[in-house]
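K.L.:
mind looking at a prediction? Sequence and model below.
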Amino acid sequence: MTHREHLSQSVKSLNKQTKAYFHGDQWKEVLVFSFFVLLAFGFWLLQSLQQEYEIILTFPVQYKELPADIAFDKEIPQQVIAKVKDKGSVLLNYTLGRVLQPIEIKLETKEKKGILLFSKKQIENDIQKQLLATTSLIEFEPQHIEASFSQRKHKPLPVKFDGDIQFITGFQLAGEIQIEPSVVDAYASAATLDTLQEALTQFTEVKKGNKTLQRTVALRPIAGVNLVPTTVTVTLPIEEYTEKSLNIPIICKGVPLHYKVRLFPSEVTVTCSVPLSRFKALSESQFEITIDYNELEQNASGSCYVHLTRKPEWVHTPTLLPTQVEFLLEHNEHYD
(Lines give C-alpha, C1' and ligand atoms only; values in the text may rest on other atoms or scores of the structure.)
Protein backbone atom coordinates (compact mmCIF):
# COMPACT_ATOMS: atom_id res chain seq x y z
CA MET A 1 0.00 0.00 0.00
CA THR A 2 1.34 3.37 -0.98
CA HIS A 3 1.64 6.33 1.43
CA ARG A 4 -1.19 8.19 -0.39
CA GLU A 5 -3.55 5.18 -0.10
CA HIS A 6 -2.74 4.82 3.59
CA LEU A 7 -3.46 8.53 4.18
CA SER A 8 -6.78 8.27 2.29
CA GLN A 9 -7.93 5.33 4.41
CA SER A 10 -7.00 7.19 7.62
CA VAL A 11 -9.12 10.19 6.58
CA LYS A 12 -12.11 7.97 5.74
CA SER A 13 -11.80 6.22 9.08
CA LEU A 14 -11.72 9.54 10.94
CA ASN A 15 -14.84 10.75 9.09
CA LYS A 16 -16.73 7.57 10.05
CA GLN A 17 -15.77 7.97 13.71
CA THR A 18 -16.85 11.62 13.70
CA LYS A 19 -20.23 10.87 12.14
CA ALA A 20 -20.77 8.02 14.58
CA TYR A 21 -20.01 10.33 17.52
CA PHE A 22 -22.41 13.07 16.42
CA HIS A 23 -25.20 10.55 15.74
CA GLY A 24 -24.67 8.70 18.99
CA ASP A 25 -26.23 9.14 22.43
CA GLN A 26 -23.01 10.57 23.87
CA TRP A 27 -23.20 13.70 21.70
CA LYS A 28 -26.86 14.23 22.66
CA GLU A 29 -25.88 14.05 26.34
CA VAL A 30 -23.24 16.73 25.77
CA LEU A 31 -25.78 19.01 24.07
CA VAL A 32 -28.30 18.58 26.88
CA PHE A 33 -25.65 19.25 29.53
CA SER A 34 -24.44 22.38 27.73
CA PHE A 35 -27.99 23.68 27.41
CA PHE A 36 -28.64 23.41 31.13
CA VAL A 37 -25.28 25.01 31.95
CA LEU A 38 -26.16 28.01 29.76
CA LEU A 39 -29.65 28.17 31.21
CA ALA A 40 -28.30 28.14 34.76
CA PHE A 41 -25.80 30.87 33.89
CA GLY A 42 -28.61 32.99 32.42
CA PHE A 43 -30.73 32.67 35.57
CA TRP A 44 -27.71 33.51 37.74
CA LEU A 45 -26.93 36.57 35.61
CA LEU A 46 -30.50 37.87 35.75
CA GLN A 47 -30.61 37.40 39.50
CA SER A 48 -27.24 39.10 39.94
CA LEU A 49 -28.28 42.12 37.89
CA GLN A 50 -31.26 42.65 40.18
CA GLN A 51 -29.03 42.99 43.23
CA GLU A 52 -27.58 46.33 44.31
CA TYR A 53 -23.91 47.18 43.94
CA GLU A 54 -21.58 50.09 44.50
CA ILE A 55 -19.21 51.34 41.80
CA ILE A 56 -16.80 54.24 41.35
CA LEU A 57 -17.40 56.89 38.67
CA THR A 58 -14.82 59.44 37.59
CA PHE A 59 -16.00 62.88 36.46
CA PRO A 60 -13.39 65.11 34.73
CA VAL A 61 -13.21 68.74 35.88
CA GLN A 62 -13.04 71.43 33.21
CA TYR A 63 -12.03 74.97 34.15
CA LYS A 64 -13.58 77.46 31.73
CA GLU A 65 -12.94 81.11 30.97
CA LEU A 66 -9.76 81.23 33.04
CA PRO A 67 -7.67 84.28 32.06
CA ALA A 68 -4.21 83.39 30.80
CA ASP A 69 -2.56 85.79 33.23
CA ILE A 70 -3.57 84.05 36.48
CA ALA A 71 -1.58 81.39 38.31
CA PHE A 72 -2.93 79.05 41.00
CA ASP A 73 -0.83 78.70 44.14
CA LYS A 74 -1.22 74.91 44.12
CA GLU A 75 -2.31 72.23 41.70
CA ILE A 76 -6.06 72.26 41.14
CA PRO A 77 -8.16 69.04 40.99
CA GLN A 78 -8.64 67.60 37.50
CA GLN A 79 -11.34 65.06 38.43
CA VAL A 80 -14.01 64.21 40.98
CA ILE A 81 -14.29 60.59 42.17
CA ALA A 82 -17.86 59.55 43.12
CA LYS A 83 -19.23 56.35 44.68
CA VAL A 84 -22.76 55.45 43.54
CA LYS A 85 -25.22 52.63 44.29
CA ASP A 86 -27.89 50.96 42.14
CA LYS A 87 -29.01 47.62 40.68
CA GLY A 88 -26.47 45.83 38.56
CA SER A 89 -28.63 46.19 35.44
CA VAL A 90 -28.66 49.98 35.89
CA LEU A 91 -24.95 50.26 36.69
CA LEU A 92 -24.17 48.59 33.37
CA ASN A 93 -25.29 51.87 31.74
CA TYR A 94 -22.36 53.66 33.40
CA THR A 95 -19.72 51.03 32.67
CA LEU A 96 -20.70 50.13 29.09
CA GLY A 97 -20.25 53.15 26.85
CA ARG A 98 -21.94 55.94 28.85
CA VAL A 99 -19.72 59.04 28.60
CA LEU A 100 -19.63 61.19 31.74
CA GLN A 101 -19.61 64.91 30.99
CA PRO A 102 -17.04 67.14 32.73
CA ILE A 103 -17.95 69.26 35.74
CA GLU A 104 -17.52 72.83 34.46
CA ILE A 105 -16.08 75.48 36.76
CA LYS A 106 -15.86 79.13 35.79
CA LEU A 107 -13.74 81.80 37.42
CA GLU A 108 -16.90 83.83 38.08
CA THR A 109 -17.67 81.26 40.77
CA LYS A 110 -15.73 83.07 43.51
CA GLU A 111 -16.60 84.79 46.75
CA LYS A 112 -13.67 87.13 46.99
CA LYS A 113 -10.83 88.37 44.85
CA GLY A 114 -8.01 85.90 44.33
CA ILE A 115 -10.00 82.81 45.40
CA LEU A 116 -11.72 80.27 43.16
CA LEU A 117 -14.54 78.50 45.03
CA PHE A 118 -16.80 75.63 43.98
CA SER A 119 -18.96 74.34 46.82
CA LYS A 120 -19.97 70.82 47.79
CA LYS A 121 -23.55 71.57 46.78
CA GLN A 122 -22.47 72.73 43.31
CA ILE A 123 -20.39 69.60 42.72
CA GLU A 124 -23.23 67.38 44.00
CA ASN A 125 -25.74 69.06 41.68
CA ASP A 126 -23.47 68.58 38.65
CA ILE A 127 -23.06 64.89 39.47
CA GLN A 128 -26.76 64.31 40.11
CA LYS A 129 -27.65 65.79 36.72
CA GLN A 130 -25.83 62.88 35.06
CA LEU A 131 -27.15 60.07 37.27
CA LEU A 132 -30.23 58.03 36.49
CA ALA A 133 -33.25 58.51 38.76
CA THR A 134 -32.72 55.27 40.71
CA THR A 135 -28.99 55.79 41.29
CA SER A 136 -27.93 56.93 44.77
CA LEU A 137 -24.88 59.17 45.22
CA ILE A 138 -23.11 57.86 48.34
CA GLU A 139 -20.03 60.10 48.47
CA PHE A 140 -17.56 62.00 46.31
CA GLU A 141 -14.09 63.47 46.62
CA PRO A 142 -13.03 66.27 46.70
CA GLN A 143 -16.16 67.61 48.39
CA HIS A 144 -15.35 71.18 47.38
CA ILE A 145 -12.76 72.98 45.27
CA GLU A 146 -10.96 76.01 46.63
CA ALA A 147 -7.82 77.48 45.11
CA SER A 148 -6.13 80.83 45.54
CA PHE A 149 -4.56 82.52 42.52
CA SER A 150 -2.47 85.55 41.70
CA GLN A 151 -1.82 87.75 38.69
CA ARG A 152 1.01 86.77 36.38
CA LYS A 153 3.41 88.97 34.45
CA HIS A 154 3.51 88.87 30.65
CA LYS A 155 6.37 88.50 28.16
CA PRO A 156 6.33 87.79 24.39
CA LEU A 157 8.59 84.89 23.38
CA PRO A 158 9.82 84.00 19.88
CA VAL A 159 9.06 80.41 18.88
CA LYS A 160 11.88 78.13 17.75
CA PHE A 161 11.37 74.86 15.89
CA ASP A 162 12.94 71.82 17.57
CA GLY A 163 13.19 68.68 15.49
CA ASP A 164 15.07 66.49 13.05
CA ILE A 165 14.37 66.56 9.31
CA GLN A 166 15.62 63.75 7.10
CA PHE A 167 15.33 64.18 3.34
CA ILE A 168 15.07 61.83 0.41
CA THR A 169 18.22 62.16 -1.71
CA GLY A 170 18.06 65.32 -3.81
CA PHE A 171 15.66 67.20 -1.49
CA GLN A 172 16.48 69.95 1.02
CA LEU A 173 14.95 72.92 2.81
CA ALA A 174 14.30 75.66 0.27
CA GLY A 175 14.18 78.49 2.82
CA GLU A 176 13.55 79.32 6.44
CA ILE A 177 11.14 77.22 8.48
CA GLN A 178 7.94 79.25 8.85
CA ILE A 179 6.18 79.32 12.24
CA GLU A 180 2.76 80.91 12.74
CA PRO A 181 2.48 82.64 15.10
CA SER A 182 6.20 83.29 15.36
CA VAL A 183 5.76 84.90 18.80
CA VAL A 184 3.62 83.62 21.69
CA ASP A 185 2.62 85.17 25.01
CA ALA A 186 4.18 83.76 28.18
CA TYR A 187 2.55 84.39 31.58
CA ALA A 188 4.51 83.66 34.75
CA SER A 189 6.19 85.34 37.70
CA ALA A 190 8.67 88.10 36.90
CA ALA A 191 11.56 85.97 38.17
CA THR A 192 10.58 83.07 35.88
CA LEU A 193 10.09 85.29 32.83
CA ASP A 194 13.59 86.75 33.26
CA THR A 195 15.03 83.27 32.59
CA LEU A 196 13.09 82.72 29.35
CA GLN A 197 14.40 83.73 25.92
CA GLU A 198 12.33 81.53 23.59
CA ALA A 199 9.56 78.94 23.40
CA LEU A 200 10.42 75.60 21.79
CA THR A 201 8.10 73.31 19.88
CA GLN A 202 7.78 69.70 20.89
CA PHE A 203 10.49 67.63 19.21
CA THR A 204 9.23 66.85 15.71
CA GLU A 205 10.77 64.20 13.48
CA VAL A 206 10.34 64.15 9.71
CA LYS A 207 11.50 61.15 7.70
CA LYS A 208 11.87 60.90 3.93
CA GLY A 209 10.96 64.54 3.34
CA ASN A 210 10.23 65.14 -0.35
CA LYS A 211 7.65 67.96 -0.36
CA THR A 212 6.61 71.03 1.59
CA LEU A 213 4.96 70.00 4.88
CA GLN A 214 2.63 71.91 7.20
CA ARG A 215 1.93 70.63 10.68
CA THR A 216 0.25 71.81 13.86
CA VAL A 217 2.81 71.33 16.62
CA ALA A 218 2.37 71.75 20.38
CA LEU A 219 4.74 73.99 22.30
CA ARG A 220 6.98 72.37 24.88
CA PRO A 221 5.48 72.97 28.36
CA ILE A 222 7.48 75.15 30.76
CA ALA A 223 6.98 74.63 34.49
CA GLY A 224 5.12 77.52 36.07
CA VAL A 225 4.47 79.21 32.71
CA ASN A 226 1.24 79.58 30.78
CA LEU A 227 1.83 79.84 27.01
CA VAL A 228 -0.82 81.35 24.73
CA PRO A 229 -1.44 79.81 22.28
CA THR A 230 -0.20 76.32 23.14
CA THR A 231 0.17 75.19 19.51
CA VAL A 232 1.70 76.72 16.37
CA THR A 233 1.61 75.93 12.66
CA VAL A 234 5.00 74.90 11.27
CA THR A 235 5.69 74.99 7.52
CA LEU A 236 8.75 73.14 6.22
CA PRO A 237 9.55 74.32 2.65
CA ILE A 238 11.06 71.12 1.23
CA GLU A 239 11.97 71.08 -2.47
CA GLU A 240 13.97 69.07 -4.94
CA TYR A 241 17.44 70.54 -5.55
CA THR A 242 19.74 70.53 -8.55
CA GLU A 243 23.25 71.81 -9.23
CA LYS A 244 24.16 75.12 -10.84
CA SER A 245 27.46 76.87 -11.56
CA LEU A 246 28.05 80.61 -11.92
CA ASN A 247 31.13 82.75 -12.51
CA ILE A 248 31.40 85.46 -9.86
CA PRO A 249 33.89 88.40 -10.11
CA ILE A 250 36.19 88.87 -7.14
CA ILE A 251 35.99 92.11 -5.15
CA CYS A 252 39.05 93.33 -3.23
CA LYS A 253 37.95 95.38 -0.24
CA GLY A 254 39.86 98.04 1.66
CA VAL A 255 42.34 98.90 -1.13
CA PRO A 256 43.97 102.33 -0.56
CA LEU A 257 43.41 104.88 -3.31
CA HIS A 258 47.10 104.93 -4.30
CA TYR A 259 47.07 101.18 -4.98
CA LYS A 260 45.29 98.91 -7.39
CA VAL A 261 45.12 95.13 -7.31
CA ARG A 262 45.27 92.73 -10.23
CA LEU A 263 43.90 89.22 -9.62
CA PHE A 264 44.66 86.05 -11.54
CA PRO A 265 42.04 84.82 -12.25
CA SER A 266 39.69 87.71 -11.63
CA GLU A 267 36.61 85.54 -11.03
CA VAL A 268 35.66 82.33 -9.24
CA THR A 269 33.26 79.57 -10.29
CA VAL A 270 30.66 78.90 -7.60
CA THR A 271 28.90 75.52 -7.82
CA CYS A 272 25.93 75.07 -5.51
CA SER A 273 22.65 73.24 -4.90
CA VAL A 274 19.56 75.27 -5.80
CA PRO A 275 15.81 74.50 -5.68
CA LEU A 276 14.38 73.55 -9.05
CA SER A 277 11.76 76.28 -8.71
CA ARG A 278 14.49 78.95 -8.41
CA PHE A 279 17.02 77.57 -10.86
CA LYS A 280 16.40 80.22 -13.54
CA ALA A 281 16.07 83.05 -11.03
CA LEU A 282 19.49 82.45 -9.45
CA SER A 283 21.97 84.99 -10.81
CA GLU A 284 25.53 86.21 -10.26
CA SER A 285 24.34 89.39 -8.55
CA GLN A 286 23.09 87.34 -5.59
CA PHE A 287 26.64 86.25 -4.69
CA GLU A 288 29.69 88.11 -3.47
CA ILE A 289 33.26 86.80 -3.52
CA THR A 290 35.82 88.96 -1.70
CA ILE A 291 39.40 89.23 -0.53
CA ASP A 292 40.67 91.71 2.05
CA TYR A 293 43.52 94.09 1.27
CA ASN A 294 44.93 93.58 4.77
CA GLU A 295 45.48 89.92 3.93
CA LEU A 296 47.41 90.91 0.80
CA GLU A 297 49.73 93.23 2.72
CA GLN A 298 50.74 90.47 5.10
CA ASN A 299 51.11 87.84 2.37
CA ALA A 300 54.50 87.46 0.71
CA SER A 301 53.55 84.40 -1.35
CA GLY A 302 51.64 86.37 -3.96
CA SER A 303 48.44 84.34 -3.52
CA CYS A 304 45.50 84.50 -1.13
CA TYR A 305 42.24 82.75 -0.30
CA VAL A 306 38.90 84.02 -1.59
CA HIS A 307 35.79 84.23 0.62
CA LEU A 308 32.11 83.74 -0.15
CA THR A 309 30.52 86.63 1.78
CA ARG A 310 27.00 86.66 0.35
CA LYS A 311 24.59 84.08 -1.05
CA PRO A 312 20.83 83.39 -0.93
CA GLU A 313 19.80 81.47 2.22
CA TRP A 314 18.16 78.77 0.12
CA VAL A 315 21.40 77.95 -1.70
CA HIS A 316 23.25 74.98 -0.18
CA THR A 317 26.72 73.38 -0.30
CA PRO A 318 28.51 76.10 -2.32
CA THR A 319 32.01 75.22 -3.52
CA LEU A 320 34.56 77.66 -4.95
CA LEU A 321 37.01 76.99 -7.76
CA PRO A 322 39.71 78.09 -7.39
CA THR A 323 39.87 78.67 -3.64
CA GLN A 324 43.03 80.79 -4.02
CA VAL A 325 44.08 83.42 -6.57
CA GLU A 326 47.32 85.16 -7.33
CA PHE A 327 47.54 88.91 -6.95
CA LEU A 328 49.71 91.79 -8.02
CA LEU A 329 49.85 95.15 -6.23
CA GLU A 330 50.44 98.18 -8.41
CA HIS A 331 50.66 101.92 -7.76
CA ASN A 332 47.70 103.86 -8.95
CA GLU A 333 49.24 106.57 -11.11
CA HIS A 334 46.19 108.81 -10.77
CA TYR A 335 46.96 109.28 -7.06
CA ASP A 336 50.77 109.69 -7.13
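P.N.:
Structure's in. What do you need?
K.L.:
ranges for the helices of the stretch 1-150 of the chain?
P.N.:
In order along the chain, the stretch 1-150 of the chain carries the following helices (DSSP state H, counting those that start in this stretch): 3-22, 25-49, 88-95, 120-128.
K.L.:
ok, the stretch 201-336 of the chain next?
P.N.:
Per DSSP H, counting those that start in this stretch, the stretch 201-336 of the chain has helices spanning 293-297. These are given in chain order.
K.L.:
what about it, any weak spots by pLDDT?
P.N.:
Screening the stretch 201-336 of the chain residue by residue with the criterion pLDDT under 70, one finds the ranges 300, 334-336.
K.L.:
switch to 80 and redo it
P.N.:
By pLDDT under 80, the low-scoring segments of the stretch 201-336 of the chain are 258, 297-301, 329-336.
K.L.:
got it, and the stretch 1-150 of the chain?
P.N.:
Of all residues in the stretch 1-150 of the chain, those with pLDDT under 80 make up the ranges 1-51, 65-66, 68, 71-74, 88-92, 95-98, 107-114, 150.
K.L.:
show me the residue at the heart of the protein, geometrically.
P.N.:
The centre of the chain sits closest to residue 217, judged by Cα atoms, centre = their mean, with a distance of 4.3 Å.
K.L.:
please tell me how far that residue sits from residue 234.
P.N.:
From residue 217 over to residue 234 the distance is 5 Å, taken as Cβ to Cβ, to the nearest Å. In short, each C-beta sits where N, CA and C put it, glycine included.
K.L.:
again with residue 135
P.N.:
Counting by Cβ to Cβ, the gap from residue 135 to residue 234 is 47 Å.
K.L.:
check this protein for its longest strand and report it.
P.N.:
Counting residues, the longest strand found in the chain (DSSP state E) is strand 238-253.
K.L.:
re earlier: shared neighbours of residue 217 and residue 234, anything?
P.N.:
With contacts taken as Cβ atoms under 8 Å, 6 or more residues apart in numbering, residue 217 and residue 234 have 161, 201, 204 as neighbours in common.
K.L.:
who wins on neighbours among those residues?
P.N.:
Ranked by neighbour count under the definition other Cβ atoms under 10 Å, the shared contacts of residue 217 and residue 234 are headed by residue 201 with 20 neighbours.
K.L.:
that one touches residue 158, doesn't it?
P.N.:
No: counting by Cβ atoms under 8 Å, residue 201 stays clear of residue 158, with 11.7 Å between them.
K.L.:
so residue 321 is in contact with residue 271, correct?
P.N.:
Yes: if you go by Cβ under 8 Å, residue 321 and residue 271 touch, sitting 7.1 Å apart.
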